[in-house]
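**Student:** Let me see the structure of the following:
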Amino acid sequence: MIEHKYPLDISPSDLEPWLLSIDVTAISPLPGWHNSIYRVDVRTGQKFVLRVHIPKEGPAFVEPTLRIVAAYADLLPFIDGPIVSRKGNAWEPISDRTSTLWPFVAGDNGEASVPDAENAARCLAAIHGTGTQALSGLSDIEPEP
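**Tutor:** Residues are numbered from 1 along each chain as shown. Here you go, the predicted structure:
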């Protein structure tokens, strides 16, 4: 059984800001201790990840991170930003917690093979090389330790 530090029961109606609850076919917890993380499957076959942040990570904590991700996602095709809600928000409340919905990207732990290492190196190089450009307009964000 997967345990979360701050457990929360999630129902299809909790996803209404983004998805029609009638379209949600499954909600399954994913590993994650700090934040509660769930895989969400819908009728079309699409899959999403719902991230329900810990109580102290309210909008003021989450919004700078979302702005950074959006800046990178605009410049790099392999980075996905959060799914915007029907209200146009990058986050929505679930219970008393800030929540974000993301595309589900299937992955694995990779292999110690040359192609995996080269692919990881290319992605890291692109992220680092894009950093100055992506973050130049975000000078108002205070760095976190």
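
**Student:** First-to-last residue distance for stretch 37-51?
**Tutor:** For stretch 37-51, the first-to-last residue distance is 5 Å (Cα to Cα, to the nearest Å).

**Student:** which parts of it are buried?
**Tutor:** Residues of stretch 37-51 classed as buried by neighbour count (16 or more other Cβ atoms under 10 Å): 37-38, 40-42, 48-51. C-beta here means a position set from N, CA and C on the backbone, and glycine is covered the same way.

**Student:** State the distance from the residue sitting furthest away from the middle of the chain to Leu124.
**Tutor:** Note on the chain: the largest C-alpha distance from the chain mean falls to Val114, namely 28.3 Å (Cα atoms, centre = their mean). As judged by Cβ to Cβ, to the nearest Å, Val114 and Leu124 stand 15 Å apart.

**Student:** Leu138 now?
**Tutor:** For Leu138, the distance to Leu124 - Cβ to Cβ - is 20 Å.

**Student:** got any ranges where the protein has weak pLDDT?
**Tutor:** Scanning the chain for pLDDT under 70 picks out 1, 108-113, 143-145.

**Student:** which helix of it spans the most residues?
**Tutor:** Secondary structure assigned by DSSP state H gives helix 114-135 as the longest helix of the chain.
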